[in-house]
Structures are given as C-alpha cells and as structure tokens.
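Q: Provided below for reference: sequence and predicted model.
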Amino acid sequence: MTSKRVILGFIGNILGLFVFWSSRRTWQVSSAYVYLATSCSITNLLCVIRYVSLLHSRFRNILYELVGQIWWACKVYEFAFSFRVISAWITLFWMFERLMCVSKKLRACFNKCNSYQLKFIIPILLILTILSCVIGPPVYMFEPQILDYIIYHVVRISRRLHQTNARQPRKEQWRTKLWMNIVLVLHSLLFLSSLLAHIVGHFIPIEAHEAWWVLLAILFNCSLNFYVYCLSGKAFRNEIYLFIQRFKRRFFHRQHIHQHQRQQCRRSWNLS
C-alpha cells in the first residue's frame, strides 16, 4: 500500500510540476499562481522522498546512524522537516493570491503598494528565516499550532470580505475561479488532517506503530495533492491531456528522426 502511494506521489507531483510550468493558460491567469503551484509541487516531492525513507526500516536505520554521528547530516535532517512548513507557507500565500483575484476591495487595498514585489519578497524572507534557523548553532523550528491560527484567520477574513461585498461576481467568472478555490480548500483539509495527527504526538505519548500511521498520513497528504487538482475541475484535466499529447508528439518525432538516421547509415554501409 505504501509503495503504491509513493509511486502515485512521485508521478503526480512530477507531472503537476511540468503541467503548471508549461501551461499557457495558467501563465495568462496569474504568473504568481504558477510560481506558487510549482513551488508547492517541488516541496511535496521532497516531502515524499523524506517520509518514504522514514517509513522504510532499512533507510530509517541508516538515517538515524548518520544523524547521530555526523553534524551536517543532523542539520540536513532537521531542514528536511522544514519542507512541510515551507509547503504550508506557500499554500497560505497561494490562498492569499487567489483571494486578491476574487476580492475587489482587497485588490484595491494592495494596489497602493507594490503587491507584485511583495508576493516574492515575503516568501523569500520566510525561506531565509527557516534556513538561518536550521544553519545557525541553536536549531529553532516553527510551532505547528501557529499555522492553524493563520489559516483560520485567513478564512475568517475571506468570509467577512465575501459578506460585505454587495456585488456578486458573474456566473461565468465564478465558474472559472471556483475550481481554484475548491483546490485550495481540499488542499488545506489534507494538510490539516496530517498536521493534527502530528500535533497529537506533542501532547500524548504515542507508540511506534502510532508514529508510523502519523508518517503515513503525512505521506498521504503530500502524494494526493495532484489528484485533488485533477478532481477539482475540467480545465486542469485538459491541461494534462495537452501536455501528454505534446510529449507524445515530441517522442514519436524523435523516434522517427532516429529511425531515419539508422536507415541512412545502413544504406551508406551497403553502398560502401
């Protein structure tokens, strides 16, 4: 069962990475959306690699030996845990970027300052903060309870803005943006389910088999995000279909060129 989730996680995150980056439609909608979605796929792929190694007993023993003996291995191990924290922050800014596209009042508020630069400056500062915490002598990590409060606060603000906004968006515009909102809600639910399972270990002592289920829940969260995107709307599935068709055309074109070169080599060999 775990191997199937690992395969699905690798295929889904890698395919999602290529689809988000190569899709013209997503670039036309929002370039920040493409950068955030691509970063989320990369961090989820790194999380899959980390938690697969922790679930596998042989790799887990090798990791524990390296962490206990080599100082830089301990730093890398702690930094690998930050991938989930980085993924949570990326999801948070992703939600905020989608909220700015939907809400006219919030967009007007941020038009006074350069919001385009803020979308990149703030995440870079957060990543540098996490890196400094890991590389520095005392290793400090973020408290996971803070993320729950941030997500709750963002959802509460979005509800207030939605209630106070008298102008309702048109049905056509709402349909184009609905699938993105559904994706973010399902993505947050998957993350919170794995996060709550991880927080329980801070208050209640858990045994080895219970810790294994917590790691499995985190791996489940990182592996299924791409398939949540697929279920959320037809537009994303069309982008996957177009990407596969482009890949097939290039693959068959290269095969045709390779066969043509082989035939030319054989003809020249026979003539000689």
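A: Looks like it came in fine.
Q: Let's see stretch 8-21 as PDB, backbone CA atoms only.
A: Output of stretch 8-21 as PDB, limited to C-alpha atoms (Å, rounded to 0.1, in the frame of the first residue of the first chain):
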ATOM      1  CA  LEU A   8       1.400   7.900  -7.100                       C
ATOM      2  CA  GLY A   9       3.100  10.700  -5.200                       C
ATOM      3  CA  PHE A  10       6.200  10.700  -7.500                       C
ATOM      4  CA  ILE A  11       4.200  10.600 -10.700                       C
ATOM      5  CA  GLY A  12       1.600  13.100  -9.500                       C
ATOM      6  CA  ASN A  13       4.000  15.700  -8.200                       C
ATOM      7  CA  ILE A  14       6.400  15.500 -11.200                       C
ATOM      8  CA  LEU A  15       3.500  15.600 -13.700                       C
ATOM      9  CA  GLY A  16       1.900  18.500 -11.800                       C
ATOM     10  CA  LEU A  17       5.300  20.300 -11.900                       C
ATOM     11  CA  PHE A  18       5.500  20.100 -15.600                       C
ATOM     12  CA  VAL A  19       1.800  20.900 -16.200                       C
ATOM     13  CA  PHE A  20       1.900  24.000 -14.000                       C
ATOM     14  CA  TRP A  21       5.100  25.300 -15.600                       C
END
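Q: Give me the buried stretch members for it, please.
A: Buried residues in stretch 8-21, counted by 16 or more other CB atoms under 10 Å: 8, 9, 12, 13, 15, 16, 17, 18, 19, 20. C-beta here means a position set from N, CA and C on the backbone, and glycine is covered the same way.
Q: Just the element for the third one, please.
A: Secondary structure here is read from DSSP states H and E; on that basis residue 12 sits in helix 2-22.
Q: now that helix: mean pLDDT?
A: Regarding helix 2-22, the rounded mean pLDDT is 71.
Q: Also stretch 226-233?
A: In this model, stretch 226-233 has a mean pLDDT of 67.
Q: With residue 48 as the reference, measure out to residue 9.
A: The gap separating residue 9 from residue 48 is 4 Å, by CB to CB, to the nearest Å.
Q: and if you look at residue 63?
A: Separation of residue 63 from residue 48 (CB to CB): 15 Å.
Q: more crowded one of the two?
A: Neighbour count, other CB atoms under 10 Å: between residue 63 and residue 48, residue 48 has more, with 23 against 18.
Q: in what helix or strand does that one lie?
A: Element membership for residue 48 (DSSP H and E) is helix 31-55.
Q: which parts of the helix or strand immediately after that helix in the chain are buried?
A: Heading C-terminal from helix 31-55, the first helix or strand you meet, by DSSP H and E, is helix 57-69. Buried residues in helix 57-69, defined by neighbour count with 16+ other CB under 10 Å: 63, 67.
Q: Remind me what helix 57-69 packs against, helices and strands.
A: The elements that helix 57-69 packs onto, with contact taken as 3 or more CB pairs under 8 Å, 6 or more residues apart in numbering; DSSP states H and E, are helix 31-55, helix 71-102.
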